[in-house]
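**Student:** Let's see this in three dimensions:
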Amino acid sequence: MAYITFQPSDYFNTVLYTGNGSDAHGITGVGFQPDFVWTKIRSGSDNHGLYDVIRGVTNNLQTNSNYAQQSSSALLQSFDSDGFTVGTNGEINNNSSTFASWNWKAGGSGSSNTDGSITSTVSANTTAGFSIVQWTGTGSNATIGHGLGVTPQCFIMKKTSNTSAWSMYHESIGNTKFMTVNASSDPTTSSTVFNNTSPTSSVFSVGTADNGNASGETYIGYFFADKKGYSKFDSYTGNGNVSGPFIYTGFKPAFFLYKESGQSGQNWTIVDSKRDTINVAGKLLHPDLTNSESDQTGSTAINMDFLSNGIKIRGTDANINRSGSSYIYMAFAEEPLVSSNEVPATAR
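**Tutor:** Next comes the predicted model:
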C-alpha cells in the first residue's frame, strides 16, 4: 500500500543557487509557489533568513538571533510559481556565493481562524501537515487555532513585533519545556510558554510568557504534523559509536534538522540531500549560528547515511551521537518508502 498519494517535492523542496548581486534575481526549480522560504548562505557567514506568505514577502526573521522582524526589498522580493525572487542584499544574493533554500507549501495567503480563544490568521496545507499561524498576544492563558485538523508533533514560534527568543514545542520533550532555536541551550522548563498543555487537533495553548503571548505583541508560528511517508518529528538516543542508531522515518530523507535535547552546548544542525548527494552526508548548516557550511563527510565526527527508509548515524561527536543522550529531529522526504505506483524507494 502506498504511504502517500502525492510526491514529497509537491510540498517541500531544497533548492541550491548561486548569487549574482543583482536586483530581481529569480530562483527557480522549487516546483511550486512556496509559502515559506528559509535561506542560508553556504560559502560565507551571514544570517539565516525566514520569509512567509502571511507576514509578507519582504519581512525577514533570523533563526540565529532574537531580533524583531525586519523589512527590506533588498532581501526576498516575491514568491513565484516555480520559486522566488531575491534582491541585492548579500545575506540572500551575494555575488558568486552559494546558497541553500528550503521551501514549503502551506495554503496560500491565509484566512481567519476562530477555533481558539485568540483569533488567528492561518495558511494551512492539511495534506502535507504544515501550517503558518499569526496571532496577537493577550497576556492571559489562551488557545489558538492552527488549522491542521490533526495534532501537530512540533511547532516553532517567534514574536515578530519585538525582540524575543524563538521557542519550539516538540512532542518528544512535552508541554512543560521549550527549546530555544537561536541558542544551543537544553530544554527550558516553563509553565507560562505552552501553559503545560499539549496541542490538540484544532488548537495549541499559550501562557503569559513574552515568547508566546505578551499583550499587544504579534507572533508567527510554523506547525508540523507527522505524515506517513512524507514527514516525521521524533527523537533518538545516541550510543557514542561509529555504528550509531538507526532512525526509521518511512521515507528516503531530503531534509534532517536535529538538536541534542539531553544536554546543552550543542548546535542545531541541518543536513539535506541536495548539498549531500551521496553517503556519507555531513555538510552542515546550523540554524543558531551565522557560520558558513562545514563539511564533515571525510571524518567520523558528525555525519550520517541517508537510506531508503531512514537515517543511520555514523558520527561519534556529541553534536549527533553522545552515548545515552536524547536528540529531537524534524525530517522531510525525498521519496516515500512506498510510492503511489507501489514502487519502493531505493537507497542512494
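
**Student:** residues in contact with residue 330?
**Tutor:** 154, 224, 231, 232, 233, 255, 256, 257, 258 (C-beta atoms under 8 Å, 6 or more residues apart in numbering). C-beta: built from backbone N, CA, C; applies to glycine.

**Student:** how about 6 Å then?
**Tutor:** By C-beta atoms under 6 Å, 6 or more residues apart in numbering, the residues touching residue 330 are 233, 257.

**Student:** ditto for the one 3 residues further on
**Tutor:** Residue 333 makes contacts with 8, 230, 251, 254, as judged by C-beta under 6 Å, 6+ apart.

**Student:** Repeat the analysis, applying 10 Å as the threshold.
**Tutor:** By C-beta atoms under 10 Å, 6 or more residues apart in numbering, the contact list for residue 333 reads 3-4, 7-9, 11-12, 227-232, 249-255, 273, 345.

**Student:** Check residue 39 too.
**Tutor:** Shown in contact with residue 39 (C-beta under 10 Å, 6+ apart): 15, 17, 27, 46-51, 60, 75-76, 84, 86, 91-93, 99-103.

**Student:** hmm, try it at 6 Å
**Tutor:** Here residue 39 is in contact with 49, 92, 101 (C-beta under 6 Å, 6+ apart).

**Student:** again, but for residue 81
**Tutor:** Contacts of residue 81 by C-beta under 6 Å, 6+ apart are residue 33.

**Student:** go with 8 Å
**Tutor:** The contact partners of residue 81, taken as C-beta under 8 Å, 6+ apart, are 32, 33.

**Student:** ditto for the one 3 residues further on
**Tutor:** With contacts taken as C-beta under 8 Å, 6+ apart, residue 84 has the following neighbours: 26, 27, 30, 34, 37, 51, 57, 76, 77, 78, 101, 103.

**Student:** Mind doing that once more with 7 Å?
**Tutor:** Residue 84 sits next to 27, 34, 37, 76, 78 when contact means C-beta atoms under 7 Å, 6 or more residues apart in numbering.

**Student:** hey, what's it bridged with?
**Tutor:** Bridge pairing for residue 84 (DSSP bridges) gives the partners residue 27, residue 79.

**Student:** ok, it to residue 93 distance?
**Tutor:** For residue 84, the distance to residue 93 equals 11 Å [C-beta to C-beta, to the nearest Å].

**Student:** Where does pLDDT dip in the stretch 201-348 of the chain?
**Tutor:** The model of the stretch 201-348 of the chain has pLDDT under 70 over residues 339-344, 347.

**Student:** Can you get me a residue count around residue 85?
**Tutor:** 17 (other C-beta atoms under 10 Å).

**Student:** Give the bridge partners for residue 220, please.
**Tutor:** Beta-bridge pairing for residue 220 (DSSP bridges): residue 134, residue 158.

**Student:** Count the residues that sit near it.
**Tutor:** A count of neighbours around residue 220, defined by other C-beta under 10 Å, yields 22.

**Student:** Tell me who's in contact with it.
**Tutor:** Neighbouring residues of residue 220 by C-beta under 7 Å, 6+ apart: 52, 54, 55, 134, 157, 158, 160.

**Student:** what would these look like in a markdown table with neighbour count and distance to residue 239?
**Tutor:** Below are the contacts of residue 220 laid out as a markdown table (neighbours: other C-beta atoms under 10 Å; distance: C-beta to C-beta, whole Å):
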| residue | neighbour count | distance to residue 239 |
| --- | --- | --- |
| 52 | 24 | 38 |
| 54 | 21 | 41 |
| 55 | 21 | 41 |
| 134 | 19 | 41 |
| 157 | 28 | 32 |
| 158 | 25 | 34 |
| 160 | 18 | 40 |
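
**Student:** Return the member of these nearest to residue 171.
**Tutor:** residue 157 (15.1 Å; C-beta to C-beta).

**Student:** The closest one reaches residue 212, doesn't it?
**Tutor:** Yes: in this structure, residue 157 is within contact of residue 212 by C-beta atoms under 7 Å, at 6.1 Å.

**Student:** quick one on the thing from earlier: in TSV, list the contacts of residue 39 along with pLDDT.
**Tutor:** Shown next, in TSV, are the contacts of residue 39 (pLDDT from 0 to 100):
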residue	pLDDT
49	98
92	98
101	99
